[in-house]
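Engineer: Generate a structure from the sequence data that follows.
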Amino acid sequence: TPPSSAQPKAMTGCAKAPRGHPVGRQSYELSVDGEARTFSLFVPRLYGDGAAALPLVLGLPGTDDTGTWFEMYTNITHVADERGFLVATLRGVDDEFNAGKDCLPRPPPAADDVKYVNATLDLITSTLCVDTERVHVLGMS
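Structural biologist: Have a look, this model is predicted:
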């Protein structure tokens, strides 16, 4: 038996995760500071009945890139389905995240993307069985 520290640390969603959660890619919308923000969530076939906590990867596309392009370019959903992890692909306002500085000739969006990431994590971990010790971020620039 592995030591207790090696056991996946589940979040509250594991107790109330819907059994038979749909696998594949689904779109979600949430409100952050009164603004509608969207993300897609990919649930692998391995998720099954939600009894086991799975790792989560947050995907952040680069400026002017879409989530669909990001998923296709990185092949992340295919790998997630093979290896058994969840993927949430976030979307910046006008396909740009607020990096806190001007990266382009135009000013960055005023959106609070830290709050957006936290709200996305809260939604996912409260409804799905996530191993919160294995939450990772994959980004493009």
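Engineer: CA atoms for contacts and neighbours, from now on please.
Structural biologist: Will do.
Engineer: ok, for the spatially most central residue of the chain, nearest residue in space, not its chain neighbours?
Structural biologist: Nearest residue to the geometric centre of the chain (CA atoms, centre = their mean): Ala88, 2.3 Å. Nearest non-adjacent residue to Ala88, counting by CA to CA, 6 or more residues apart in numbering: Leu41, 4.4 Å away.
Engineer: right, and the one you found touches Ala80 too?
Structural biologist: No. Counting by CA atoms under 8 Å, Leu41 does not reach Ala80; the two are 11.3 Å apart.
Engineer: Which neighbours do these two have in common?
Structural biologist: 86-87 (CA atoms under 8 Å, 6 or more residues apart in numbering).
Engineer: which helix in the protein runs the most residues?
Structural biologist: Looking across the chain with DSSP state H, the single longest helix is helix 113-127.
Engineer: Using CSV, list the CA coordinates for it.
Structural biologist: Provided in CSV are the C-alpha atoms of helix 113-127 (Å, rounded to 0.1, in the frame of the first residue of the first chain):
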residue,chain,number,x,y,z
ASP,A,113,-8.3,36.6,-15.3
VAL,A,114,-7.0,35.4,-12.0
LYS,A,115,-10.6,35.6,-10.7
TYR,A,116,-11.7,33.8,-13.9
VAL,A,117,-9.3,31.0,-13.4
ASN,A,118,-10.3,30.6,-9.8
ALA,A,119,-14.0,30.6,-10.7
THR,A,120,-13.4,28.0,-13.3
LEU,A,121,-11.5,25.8,-10.8
ASP,A,122,-14.2,26.3,-8.2
LEU,A,123,-16.9,25.2,-10.7
ILE,A,124,-15.0,22.1,-11.9
THR,A,125,-13.8,20.9,-8.5
SER,A,126,-17.3,21.3,-7.0
THR,A,127,-19.0,19.2,-9.7
